[in-house]
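Trainee: Model the following, please.
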Amino acid sequence: MLYPLKFKPFFKEKIWGGDKIRKLLHRPVGNMDHCGESWEISAIEGNVSVVANGFFAEDNDLNELIEVYMGDLLGDKVYDQYGLGFPLLIKYIDATDDLSVQVHPDDQLAQERYGMNGKTEMWYVIAADKGAGLYVGFKDGVTREQYCDAVDAGTVDQLLKFHPVKPGDLFFIPAGTVHAIGKGVLLAEIQQPSDVTYRIFDWNRVDEQGNSRELHVDEAFDAIHFEGDKAKAENKTTNGGEGDDASSNVSENSDNTEIPAGKVNYEEKFNTTSKLLRSSFFNLNEIYFENPLKKTYTEIDSFIIYMCIEGHVHAFTDDEQFELRTGEVMLVPACTPELNLIPEGKSRLLEIYL
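Mentor: Below you'll find the model as predicted:
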């Protein structure tokens, strides 16, 4: 029978990476000095997650389990929509320098160019140095003509919105939104499973030989959603709102209203489930608690992912016990009817589902 699954992460060394993934999230990065990313659950070719716990450990990866268990693992509605493809990529990112300014194509453009989905994502800030922030979107009123002039002049950074951040801040980045992670930020990234990235600005940096990194300005031009573009209205989400009671189900929300790319405001509740974000790509809740919590999943038809970003939580099914320590990630199959969560002191989980 299926059970809550943990996977072996893929650690990515980056010149801009740091030590927060090891020190704050306690991920086993080994001797990697500059770990910039930890891919926790992935079905991207070449980086398919392998099961790390229980009966399926070592010999089975995520794609193999989807082939065998289909809707029991993903949820029938999810499987009907995505087939054998896992619909999310779950990461941690640690930036000790400003990342390049990027944009990702939406589903329509990515299908036209590559026959694959686009990349809408969200960021949850786990830790931030003093003065750290994120770049999300252009300043109000920026036109295509102004953007082209800034590309030629090397001043794209002057068009960007900068958001100072603190732990708990949440940002929604629809495909087509220009964005960059600023130095000093550790965050959780939940995204569509795509690694298509167009780099449009790299802060005019050069290497020791005086060479700049490759940019993708031409490819990016049609991918960027400027203010007034009809494509900007395609991504619809709701945010914030009342949390579920401690004994209630995770529930679907079809009352979607459009919100812009950028910071998502929400009300955090203690010892219950706080609703953070609803979108057609993923849903996000936060559970900040110190009392036992029973979660039942009969009203949704989706797998659940838990990211433990603070504390230590014991998770009980009818038959088995599992642990989630700071930094660990667990996938609960859709066929799981309920889970009892018991924290050791104050703990914090991100809860992700479709």
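Trainee: can you tell me which helix in this protein is longest?
Mentor: Of all segments of type helix in the chain, defined using DSSP state H, the longest is helix 62-74.
Trainee: Beyond it, next helix or strand please.
Mentor: Next in sequence after helix 62-74, counting helices and strands by DSSP states H and E, comes helix 76-82.
Trainee: Can you name the residues in contact with that next one?
Mentor: Applying C-beta atoms under 8 Å, 6 or more residues apart in numbering, the contact partners of helix 76-82 are 66, 70-71, 74, 87, 301-303, 334, 354. To be clear about C-beta, it is placed using only N, CA and C from the backbone, and glycine gets the same treatment.
Trainee: as a whole number, average confidence for it?
Mentor: Within the predicted structure, the mean pLDDT of helix 76-82 is 96.
Trainee: Any chance you could list what contacts stretch 57-66?
Mentor: Where contact means C-beta under 8 Å, 6+ apart, the residues beyond stretch 57-66 that reach it are 2, 5, 7, 41-43, 48-52, 56, 73-74, 79, 84, 86.
Trainee: Would you mind extracting the C-alpha trace of it into PDB?
Mentor: Output of stretch 57-66 as PDB, limited to C-alpha atoms (Å, rounded to 0.1, in the frame of the first residue of the first chain):
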ATOM      1  CA  ALA A  57      13.200   3.200  -0.800                       C
ATOM      2  CA  GLU A  58      16.200   3.100  -3.100                       C
ATOM      3  CA  ASP A  59      14.600   1.100  -5.900                       C
ATOM      4  CA  ASN A  60      11.700   3.300  -7.000                       C
ATOM      5  CA  ASP A  61      11.500   6.800  -8.300                       C
ATOM      6  CA  LEU A  62       8.500   9.200  -8.500                       C
ATOM      7  CA  ASN A  63       7.800   8.500 -12.100                       C
ATOM      8  CA  GLU A  64       7.700   4.800 -11.600                       C
ATOM      9  CA  LEU A  65       5.200   5.200  -8.700                       C
ATOM     10  CA  ILE A  66       3.000   7.400 -10.800                       C
END
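Trainee: returning to that earlier point: among the contacts of stretch 57-66, which are located in strands?
Mentor: Applying DSSP state E to the contacts of stretch 57-66, the entries found in strands are 41, 43, 48.
Trainee: By neighbours, which of these wins?
Mentor: Neighbours were tallied for each of those (criterion: other C-beta atoms under 10 Å), and the maximum of 24 neighbours falls on I41.
Trainee: isn't it right up against E328?
Mentor: No - the pair I41 and E328 fails to qualify as a contact (C-beta atoms under 8 Å) at a distance of 11.4 Å.
Trainee: so where do the helices sit in the stretch 151-300 of the chain?
Mentor: When assigned using DSSP state H, counting those that start in this stretch, the helices of the stretch 151-300 of the chain occupy the ranges 217-221.
Trainee: Now stretch 224-232: average pLDDT?
Mentor: On average, the pLDDT along stretch 224-232 is 64.
Trainee: Could you shift the numbering so residue one becomes 235, and keep it that way?
Mentor: With the count now opening at 235, the last piece we talked about shows up as stretch 458-466.
Trainee: ok, now which ones touch the closest residue to D341 other than its chain neighbours?
Mentor: Spatially, and ignoring its direct neighbours in sequence, D341 is nearest to G352 (4.4 Å; C-beta to C-beta, 6 or more residues apart in numbering). When the contact criterion is C-beta under 8 Å, 6+ apart, the partners of G352 are 338-345, 409, 426, 428, 430.
Trainee: All the strands of the stretch 335-484 of the chain, residue numbers only.
Mentor: Using DSSP state E, counting those that start in this stretch, the strands found in the stretch 335-484 of the chain span residues 335-337, 355-362, 367-372, 394-398, 404-407, 413-415, 419-425, 432-435, 471-473.
Trainee: right, so of those strands, which gets closest to C382?
Mentor: For the strands of the stretch 335-484 of the chain, distance to C382 was read as C-beta to C-beta. The smallest value, 11.1 Å, belongs to strand 432-435.
Trainee: That closest one - which strands sit beside it in the sheet, and in what orientation?
Mentor: Strands adjacent to strand 432-435 in the sheet, as given by DSSP bridges, are strand 335-337 (antiparallel).
Trainee: list the buried ones in the strand it pairs with?
Mentor: Residues of strand 335-337 classed as buried: 335-337 (neighbour count, 16 or more other C-beta atoms under 10 Å).
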